[in-house]
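> Following is a predicted model, sequence given first.
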Amino acid sequence: MKQGLFEITQNKPIAENVMQMCLKGDTSAITGPGQFINIKLEGRFLRRPISVCDVNGDEITIIYKIVGAGTEQMSCMESGKLDVLTGLGNGYDMSLSGERPLLIGGGAGVPPMYMLAKKLIAEGKKVTVILGFNKKNEIFYEDEFKALGADVKVATADGSYGIKGFVTDAMDGVDYTYFYTCGPEPMLKAVYNKSKTSGQFSFEERMGCGFGACMGCSCKTITGYKRICKDGPVLQKEEILWED
């Protein structure tokens with residue numbers, strides 16, 4: 001983990017209530033896809049954890065949804081510097097992917113799939129990506145995934161674009177050796193039940209500190225309690241215990 005000041009170089013809307021921000025600074029602590037950063041906002045007690053979408057040299061790209069006062073405050077920032085903790089979380093283990101990995105992202109869970117797809121495709125893997133949204137106006141990064149060379153399927157809950165239904169509906173007929181997923185917990189549980197191989201799940205939890213000190217994001221696994229921010233956010237399929 002590293003703490004540093006990052007300069008805002010871009011902050012623009014890319015879909016309904018969805019923003020893309022680019023931050024320039026020391027990215028050396030980010031070692032792989034699936035990690036997140038924690039941003040300090042003026043006047044806010046808790047930092048905002050945001051997954052890393054991509055890293056290019058000294059620039060981080062993040063994508064966030066405007067859901068509360070903190071992200072609303074972020075959306076109004078056109079320039080300036082932010083105090084950021086980088087290199088948080090364990091990220092995805094790409095060594096388990098096999099030749100045909102399936103990447104499944106739902107809403108705010110889409111961004112970490114981009115860096116993962118980019119790296120897997122660079123390794124010569126045949127990547128299929130499923131993106132899930134509520135409606136057409138919320139869709140983002142479909143073209144960016146296609147530009148990487150991924151086979152992309154989009155599902156919308158209201159049927160306004162792509163496959164009508166959920167990401168699990170788009171899984172039908174896909175031949176994959178392993179899967180990676182990130183999104184809201186009901187989606188993750190549905191993917192867990194539908195999946196036919198092993199895989200990795202990135203959980204979205206409310207976090208206090210972001211580096212394992214406060215224990216506020218602990219969850220129960222087959223080996224005991226784990227902190228999503230420190231021991232996760234990525235957990236293996238076989239260690240997950242779902243609460244009723």
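That came through, no problem. Fair warning: this is a prediction, and the values are worked out from it, not measured in the lab. Numbering: from 1, shown residues only.
> C-alpha from now on. contacts and neighbour counts both.
Noted.
> Regarding the protein, what is its longest helix?
helix 111-122 (DSSP state H).
> Kindly calculate the angle that the next helix or strand after that helix makes with helix 111-122.
With elements assigned by DSSP states H and E, the helix or strand that comes after helix 111-122 is strand 128-133. Put simply, strand 128-133 runs at 170 degrees to helix 111-122, going by axes from the mean of the first three to the mean of the last three CA atoms, to 10 degrees.
> Just the CA trace of stretch 235-244, in CSV.
Extracted C-alpha coordinates of stretch 235-244, given in CSV (Å, rounded to 0.1, in the frame of the first residue of the first chain):
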residue,chain,number,x,y,z
LEU,A,235,-12.3,-14.8,-3.0
GLN,A,236,-12.1,-18.2,-4.5
LYS,A,237,-15.4,-19.9,-5.3
GLU,A,238,-14.6,-22.9,-3.1
GLU,A,239,-14.1,-20.8,0.1
ILE,A,240,-17.3,-18.7,-0.1
LEU,A,241,-20.2,-19.2,2.4
TRP,A,242,-23.4,-17.5,1.4
GLU,A,243,-25.6,-16.2,4.2
ASP,A,244,-29.4,-16.8,3.9
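> which residue ranges form the helices in this structure?
Along the chain, the stretches classed as helices by DSSP H are 69-75, 111-122, 142-148, 167-170, 185-194.
> Pull the distance from the shortest one to the chain's centre.
Same thing as helix 167-170. In this view, helix 167-170 has its centroid 18 Å away from the chain centroid, taken as CA atoms, centre = their mean, to the nearest Å.
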